[in-house]
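>>> fold the following and give me the result.
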Amino acid sequence: MTRTMGEKTVQSLENLGLGSLKPTLPERLSGERWISMHNALNRAGHGLTLSEKRIVATAASKLGSYRRLGPGEVPVTRITAAEYAEAFEVDMTTAYEALQGAARALFGRSITFYEAAHRRRGKPVEPTKVQMRWVGAVKYHSGEGWVELHWWPPLLPYLTGLRKQFTSYQLKQASALRSAYSWRLLELLTRFEATGRAEYAIEDFALSMDATEKQRADFGKLRTKILEPAVRELCEKDGWRIDWKPVKAGRRVVKLRFAFSRDAQGRLFE
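Reported below is the predicted structural model:
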């Protein structure tokens, strides 16, 4: 079960305000874990491996996305190996290795996005590339088997106190996925669940999927290494029905269009 709240096409974190209107919140049963993030963060490049994505998502599900933090409040979230093993159905050895890896790498991981610039004297201005950390510190205790994430303060408005322009989905919906690309595609499509149709400029899609420079330059590589495997896994493991097609300008692919549902029969494009 997924929910998306609103939509906006600007890809700037700073230019997307967090409004005060309270949406109709998704029904959440006791014990369910939900991940919520502002749509601008949803579209950014996350720069995470699958195990790091799992840990960050599990930690984000504990933040309380609708609660506004007090002035200067920076939450610290702990994930245990037992918790990781249960959530993602792996053995304890794998869970310990995931936590150890996160402790080593997460401090250096960054979110990448572009701030849309205003026109100057009627002329377009190139957007500004921005990178932001996920965490300000990471602690790991090998004996007790836990990792603690000390969240990066400028990131918190895009994970907490959300009132509009955000997407939510259940953690268990992504728990069976074995690819970070599949998880990112799930997030990108969930934003448009209300209509079952989504469209992304190829540059935006490649950024969101953390594609390499070679994959960005060659749509064939992007298709075979990222897009097709992600679509296939979502269909096989989470019950999605996804049709997609490229939109070209001349011979160059400039956009991707998706039509999708989680229980539809037959092709979705006319």
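
>>> count the neighbours of Glu86 for me.
Counted with other Cβ atoms under 10 Å, the neighbours of Glu86 add up to 12. The way it works is simple: take the backbone N, C-alpha and C, and place the C-beta from them, glycine included.

>>> give me the three-state assignment for it.
With DSSP: H, G, I helix; E, B strand; the rest coil as the basis, the three-state label of Glu86 is helix.

>>> from Gly101, how far off is it?
Separation of Glu86 from Gly101 (Cβ to Cβ, to the nearest Å): 18 Å.

>>> try Tyr84
11 Å.

>>> can you map out the helices along the stretch 151-270 of the chain?
Assigned by DSSP state H, counting those that start in this stretch, the helices in the stretch 151-270 of the chain fall at 171-174, 180-190, 202-208, 213-217, 219-222, 228-238.

>>> so Thr58 sits against Thr80, correct?
No - checked against Cβ atoms under 8 Å, the pair Thr58 and Thr80 is beyond contact range at 9.9 Å.

>>> so which residue is dead centre in this protein?
Asn42 (4.6 Å; Cα atoms, centre = their mean).

>>> so which strand or helix has that one?
Secondary structure assignment for Asn42, by DSSP states H and E: helix 39-43.

>>> with only the CA atoms kept, save stretch 49-62 in PDB.
Taking Å, rounded to 0.1, in the frame of the first residue of the first chain, the C-alpha atoms of stretch 49-62 are listed here in PDB:
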ATOM      1  CA  THR A  49      24.200   0.700  -1.900                       C
ATOM      2  CA  LEU A  50      21.300  -1.700  -1.300                       C
ATOM      3  CA  SER A  51      22.300  -2.400   2.300                       C
ATOM      4  CA  GLU A  52      22.900   1.300   3.000                       C
ATOM      5  CA  LYS A  53      19.500   2.100   1.500                       C
ATOM      6  CA  ARG A  54      17.900  -0.500   3.700                       C
ATOM      7  CA  ILE A  55      19.500   1.000   6.800                       C
ATOM      8  CA  VAL A  56      18.700   4.600   6.000                       C
ATOM      9  CA  ALA A  57      15.100   3.600   5.100                       C
ATOM     10  CA  THR A  58      14.600   1.700   8.300                       C
ATOM     11  CA  ALA A  59      16.000   4.600  10.300                       C
ATOM     12  CA  ALA A  60      13.800   7.100   8.400                       C
ATOM     13  CA  SER A  61      10.700   5.000   9.200                       C
ATOM     14  CA  LYS A  62      11.400   5.700  12.900                       C
END
